[in-house]
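# Take a look and give me a structure for this.
(2 chains)
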Amino acid sequence: GAVVSQHPSWVICKSGTSVKIECRSLDFQATTMFWYRQFPKQSLMLMATSNEGSKATYEQGVEKDKFLINHASLTLSTLTVTSAHPEDSSFYICSARVAGLADTQYFGPGTRLTVL
Amino acid sequence: AQTVTQSQPEMSVQEAETVTLSCTYDTSENNYYLFWYKQPPSRQMILVIRQEAYKQQNATENRFSVNFQKAAKSFSLKISDSQLGDTAMYFCAFMKLGGSQGNLIFGKGTKLSVKP
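Predicted structure coming up:
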């Protein structure tokens, strides 16, 4: 149980285009999902917290107009990188919080974004 | 603000031996969770073990156990009978209990190499 999927697993796009990444909880409902960014050989940096049916909460320094987050249902959250630039290239990981199970977060497999 | 410190950037251990990864944290909270996550080369974050701060008994999951010292704010991970598949980055994480968001705060990670 507690499986989280991400799609796509990798994507290459041209500078200036937008990219959408999906995060799904496959066998449970997640009222809260999280989006992280991980640079090579570094830890995970929380970008934003996504609550179903409400606006996402962004961490300091994260541009909310650039990283659009939508949590339309209890099993789906999306991250859209708008007008992507090469510096947005990174590994993006989502997680879903299982309330009541020691509030554990289960992670998706990540999405490698490369902006040319 | 809470912080998590992993003082060992890299460690290695021989197969079948035991290794201990260190983690300390700083918080003024009394109720919280602590986690160890593993990130193998596939980059999928995998929950290894979790500990509720109100529990005095150290958590154990098969070959993985923790030494939780609340007063010292220490949370080390012991891996017994190390296997080649244990090779990965290991992240220690803190989460405040009862928070509406449930944010995880990660340490910088320890890269563990298990040698045959």
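# Alongside chain A, which residues does chain B contribute?
B:33, B:35, B:37, B:42-47, B:50, B:52, B:91, B:95, B:97, B:101-104, B:106-109 (Cβ under 8 Å from any Cβ of the partner chain). Just so you know, the C-beta spots here come from the backbone N, C-alpha and C atoms, and that holds for glycine as well.
# And chain B, is the helix or strand of chain A with the lowest mean pLDDT touching that?
Lowest on mean pLDDT, DSSP states H and E among the helices and strands of chain A sits strand A:104-107, with a mean of 88. Yes - for strand A:104-107, a contact with chain B is found by Cβ under 8 Å from any Cβ, at A:Thr104, A:Gln105, A:Tyr106, A:Phe107.
# next one: that strand to chain centre, how far?
Centre-to-centre, strand A:104-107 and its host chain are 13 Å apart (Cα atoms, centre = their mean, to the nearest Å).
# Which one of the residues in chain B is closest to chain A?
B:Met45 (3.6 Å; Cβ to the nearest Cβ).
# Spatially nearest residue to that residue (excluding sequence neighbours)?
Nearest residue to B:Met45 in three dimensions, chain neighbours excluded: A:Phe107, at 3.6 Å (Cβ to Cβ, 6 or more residues apart in numbering or on different chains).
# Also A:Ser18?
A:Thr82 (4.8 Å).
# separation between the one you found and A:His71?
Distance of A:Thr82 to A:His71, computed by Cβ to Cβ, to the nearest Å: 17 Å.
# Report the spatially nearest residue to the residue nearest in space to the middle of chain B, omitting neighbours in sequence.
Closest to where the C-alpha atoms of chain B average out (Cα atoms, centre = their mean) is B:Trp36, at 3.0 Å. Nearest residue to B:Trp36, sequence neighbours excluded (Cβ to Cβ, 6+ apart): B:Val48, at 4.3 Å.
# Please verify my assumption that the one you found contacts B:Val66.
No - at 9.3 Å, B:Val48 does not count as touching B:Val66 under the criterion of Cβ atoms under 8 Å.
# the more surrounded of the two?
B:Val66 (25 against 22; other Cβ atoms under 10 Å in any protein chain shown).
# what pairs with A:Glu22 across the strands?
A:His7, A:Thr78 (DSSP bridges).
# ok, now which ones touch it?
Residues near A:Glu22 by Cβ atoms under 8 Å, 6 or more residues apart in numbering or on different chains: A:Gln6, A:His7, A:Leu76, A:Ser77, A:Thr78.
# and the closest residue to chain B within chain A, how many residues sit next to it?
Closest contact between chain A and chain B, by Cβ to the nearest Cβ, is at A:Phe107 (3.6 Å). Using other Cβ under 10 Å, A:Phe107 is surrounded by 24 other residues.
# Now do it against A:Ile69, distance only.
In terms of Cβ to Cβ, A:Phe107 sits 16 Å off from A:Ile69.
# picking that back up, can you check which residues contact both of B:Val48 and B:Val66?
B:Trp36, B:Leu77.
# Is the residue nearest to B:Trp36 part of a helix or strand, or is it coil?
The local conformation at B:Val48, judged by DSSP: H, G, I helix; E, B strand; the rest coil, is strand.
# Now that we're looking at it, what pLDDT does it have?
In this model, B:Val48 is scored at 96, pLDDT.
# list the contacts for it?
When contacts are counted by Cβ under 8 Å, 6+ apart, B:Val48 touches B:Phe35, B:Trp36, B:Tyr37, B:Lys38, B:Glu61, B:Phe64, B:Leu77, B:Tyr90.
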